[in-house]
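Peer 1: Let's see this in three dimensions:
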Amino acid sequence: MCNPTNALIATSIASAGLQFQQAKAQQKAQYNAQKRQNELARKNAIQRYASEQLRIRQEVEKSKDKGFQATLKARKARAEFLAGAGDAGVAISGSTEALLADYYRTEGKYKASLAKNLEINIGQFERNLEAIQFGQESQQTYLSPPNPELLFATQALNVANTYYSLEATKEAKGLKTQRQKRNYPTPNEGADD
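Peer 2: Numbering: from 1, shown residues only. Presented below is the predicted three-dimensional model:
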């Protein structure tokens, strides 16, 4: 005759084994998803870094080109002015020197403006890189690797809890527990077990 307590414990052990396997697979899948999330965050950050670096290189080149074009334009204007003054036989006087100085001042202000704008763009670029890094950190997730030892211990404790709950229920109903049967067997019980 099969003891109902043993059958219930065997069922509990089988259930715990299945739950262990399922929880282990779930932990492994979760760990893999966390690793994928972190890899996506890293790739996204790399892509954004590259995009920002390209943008700032383009801004630097644009600023250099504008500065070069301004220099050419200013030199051409000064050369035309000096050639026109020389052709007209006008000697360089205080007013012509003031006019030349105005050309240089205008060119200098324009170049200073370009440099200031480039400095602002570089500052923004640096803040964007910091934001990208922060964004990557916020997109990453904490990795929690599978812990089969803890799962096994949890399932073993669940089986033990089931066993001791059954024993406590028997004792509360006035029936003999497995411990009592082992310690104080009756003549009939020894033959059935």
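Peer 1: Can you tell me the centre-most residue of the chain?
Peer 2: Taking C-alpha atoms, centre = their mean as the criterion, Gln140 is the residue nearest the geometric centre of the chain, at 2.8 Å.
Peer 1: what ranges of the chain fall below the confidence cut-off?
Peer 2: The model of the chain has pLDDT under 70 over residues 1-2, 85-94, 184-193.
Peer 1: who does the strand or helix carrying Leu72 touch, helix- and strand-wise?
Peer 2: According to DSSP states H and E, Leu72 maps onto helix 4-87. Counting by 3 or more C-beta pairs under 8 Å, 6 or more residues apart in numbering; DSSP states H and E, the packing neighbours recorded for helix 4-87 are helix 94-139, helix 148-172. The way it works is simple: take the backbone N, C-alpha and C, and place the C-beta from them, glycine included.
Peer 1: mind checking which of those is nearest Gln26?
Peer 2: Closest to Gln26 of those, according to C-beta to C-beta: helix 148-172, at 9.6 Å.
Peer 1: burial of the nearest residue to Gln37 once chain neighbours are set aside, as a residue count?
Peer 2: Nearest residue to Gln37 in three dimensions, chain neighbours excluded: Thr141, at 5.0 Å (C-beta to C-beta, 6 or more residues apart in numbering). When counting by other C-beta atoms under 10 Å, one arrives at 14 neighbours for Thr141.
Peer 1: could you check the distance from Thr141 over to Glu39?
Peer 2: In this view, Thr141 and Glu39 are 11 Å apart by C-beta to C-beta, to the nearest Å.
Peer 1: Is the residue nearest to Gln37 in contact with Lys35, as I believe?
Peer 2: No: under the criterion of C-beta atoms under 8 Å, Thr141 is not in contact with Lys35, lying 9.0 Å apart.
Peer 1: just to revisit the earlier point, orientation of the helix holding Leu72 relative to helix 148-172 in degrees?
Peer 2: Comparing the axes of helix 4-87 and helix 148-172 via axes from the mean of the first three to the mean of the last three C-alpha atoms, to 10 degrees yields an angle of 150 degrees.
Peer 1: And helix 4-87, how far out from the chain middle?
Peer 2: In terms of C-alpha atoms, centre = their mean, to the nearest Å, the centre of helix 4-87 is found 10 Å from the chain centre.
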